[in-house]
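**Student:** Starting from these lines, generate the structure:
(chains A and B)
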2 protein chains.
Amino acid sequence: MGNDRLFLLRAVQIAWNGILNGGGPFGAVIIRNGKIISEAFNRVILNNDPTAHAEILAIRQAASVMQSHELGDCTLYSSCEPCPMCLGAIYWAGIKKVVYASDRNDAEGAGFSDKLIYKEIMLNPSDRKISFLYLTDAGGKEVFRKWDELENKISY
Amino acid sequence: MGNDRLFLLRAVQIAWNGILNGGGPFGAVIIRNGKIISEAFNRVILNNDPTAHAEILAIRQAASVMQSHELGDCTLYSSCEPCPMCLGAIYWAGIKKVVYASDRNDAEGAGFSDKLIYKEIMLNPSDRKISFLYLTDAGGKEVFRKWDELENKISY
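**Tutor:** Prediction:
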């Protein structure tokens, strides 16, 4: 718990750095073998990139450092509970542990849509605010069939 | 529906390009005012980047083209139903419509974790396969309080 708190305080400090540097109020740090391998604050506005959340940037940077899409031996510390986008990225990266210092309710209170997106993602696609249209006759399944047949593919 | 099908066929074609070029079997295209402004296939393995899904790459590229994190007047066409990470990115980008050609069940059949992640995201953090630890005394809420006070911030 001692180190968890220490690294989490660093993530919160990075969030402060975000505010001081024109970024968003979110910070993330990724730890491997007790050492920081990446850290980032939210740069959505700075980079004109809606995906540039602190966790996404930290994951991309850590994967670059590790030269691997797999971060199974890493822990992510985030100033706020990851939003659904970042949560998805955490699962895809195989990260096993996440520690955070505020939650989706706090983010909502500050004007961010995390809680709304959590609600939307649980609905059937046809019930969401965004229009979702599933066309089953455009050959989508065939791509996966071909993928299944490939012998030298890397699964993840 | 005619144009939807046409652009969706293009997204599926991009997925084929992915397979042919060492990428993953997913393709995405973003349309604005009836024209393609970005397209991408999955490059997770190629780029050593767990976030490099077709939709994420297409959104980042479109935002770069538009010089804005806001893609409210864009439609996204994807060879497969977006995973939770990409769905989150779609909401953050403000995209209003998504058209897709296969779903999370097809992705699962081809060995991808989309369906598992959809299930996990709906659980309380403490019930998930990944360990989630919420430390409430690391100053996470104070960052948002400061953010609230800022006068020149850009909300999104």
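
**Student:** Please name the residues that touch A:L123.
**Tutor:** Contact partners of A:L123, counting by C-beta atoms under 8 Å, 6 or more residues apart in numbering or on different chains, are absent. Just so you know, the C-beta spots here come from the backbone N, C-alpha and C atoms, and that holds for glycine as well.

**Student:** for A:Y134, that is, sorry about that
**Tutor:** Applying C-beta under 8 Å, 6+ apart, the residues near A:Y134 are A:P125, B:E81, B:V99, B:Y100, B:A101, B:D103.

**Student:** So which bits of stretch A:139-156 are buried?
**Tutor:** A:G139, A:G140, A:K141, A:E142, A:V143, A:F144, A:W147, A:K153 (16 or more other C-beta atoms under 10 Å in any protein chain shown).

**Student:** Tell me the first helix or strand C-terminal of the lengthiest helix in chain A.
**Tutor:** Ordering each helix of chain A by length in residues (DSSP state H) puts helix A:2-20 first. Of the helices and strands lying after helix A:2-20 in sequence (DSSP states H and E), the nearest is strand A:27-32.

**Student:** and that following strand, what does it pack onto?
**Tutor:** helix A:2-20, strand A:35-41, helix A:54-66, strand A:74-78 (3 or more C-beta pairs under 8 Å, 6 or more residues apart in numbering or on different chains; DSSP states H and E).

**Student:** what's in contact with that strand?
**Tutor:** Contacts to strand A:27-32, defined as C-beta under 8 Å, 6+ apart, come from residues A:7, A:10-18, A:36-42, A:53-55, A:57-59, A:61-62, A:66, A:71, A:73-79, A:95, B:143.

**Student:** What subset of the residues you listed is buried?
**Tutor:** The buried subset of those - by 16+ other C-beta under 10 Å - is A:7, A:10-16, A:18, A:37-42, A:53-55, A:57-59, A:61-62, A:66, A:71, A:74-79, A:95, B:143.

**Student:** A:V99 is in contact with A:L8, isn't it?
**Tutor:** Yes. In this structure, A:V99 is within contact of A:L8 by C-beta atoms under 8 Å, at 5.2 Å.

**Student:** Mutual contacts of these two, please.
**Tutor:** Shared contacts of A:V99 and A:L8 (C-beta under 8 Å, 6+ apart): A:Y77, B:L135.

**Student:** follow-up on the earlier one: quick one: least confident of the contacts of A:Y134?
**Tutor:** Looking at these by pLDDT, the weakest one is A:P125, with 92.

**Student:** show me the contacts for that one.
**Tutor:** By C-beta under 8 Å, 6+ apart, the neighbours of A:P125 are A:F132, A:Y134, B:E81.

**Student:** beta partners of the second one?
**Tutor:** Assessed by DSSP bridges, A:Y134 has beta-bridge partners B:Y100.

**Student:** returning to what we had before: dump the buried residues of stretch A:139-156 into JSON lines; add pLDDT and secondary structure as well.
**Tutor:** Formatted as JSON lines, the buried residues of stretch A:139-156 follow (pLDDT from 0 to 100; DSSP: H, G, I helix; E, B strand; the rest coil):
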{"residue": "A:G139", "pLDDT": "97", "secondary structure": "coil"}
{"residue": "A:G140", "pLDDT": "97", "secondary structure": "helix"}
{"residue": "A:K141", "pLDDT": "96", "secondary structure": "helix"}
{"residue": "A:E142", "pLDDT": "96", "secondary structure": "helix"}
{"residue": "A:V143", "pLDDT": "96", "secondary structure": "helix"}
{"residue": "A:F144", "pLDDT": "96", "secondary structure": "helix"}
{"residue": "A:W147", "pLDDT": "94", "secondary structure": "helix"}
{"residue": "A:K153", "pLDDT": "86", "secondary structure": "coil"}
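
**Student:** nearest to chain B, of those residues?
**Tutor:** Using C-beta to the nearest C-beta, A:G140 is the member of the buried residues of stretch A:139-156 that lies nearest chain B, at 2.8 Å.

**Student:** I am assuming the closest one contacts B:S102, so please confirm or correct that.
**Tutor:** Yes. Applying C-beta under 8 Å, one finds A:G140 in contact with B:S102, separated by 3.2 Å.

**Student:** what residues are shared contacts of these two?
**Tutor:** Any residue near both A:G140 and B:S102 by C-beta under 8 Å, 6+ apart counts here, and that gives B:S79, B:C80.

**Student:** Run through chain A and note the low-pLDDT ranges.
**Tutor:** Low-confidence segments of chain A, defined by pLDDT under 70: A:1.
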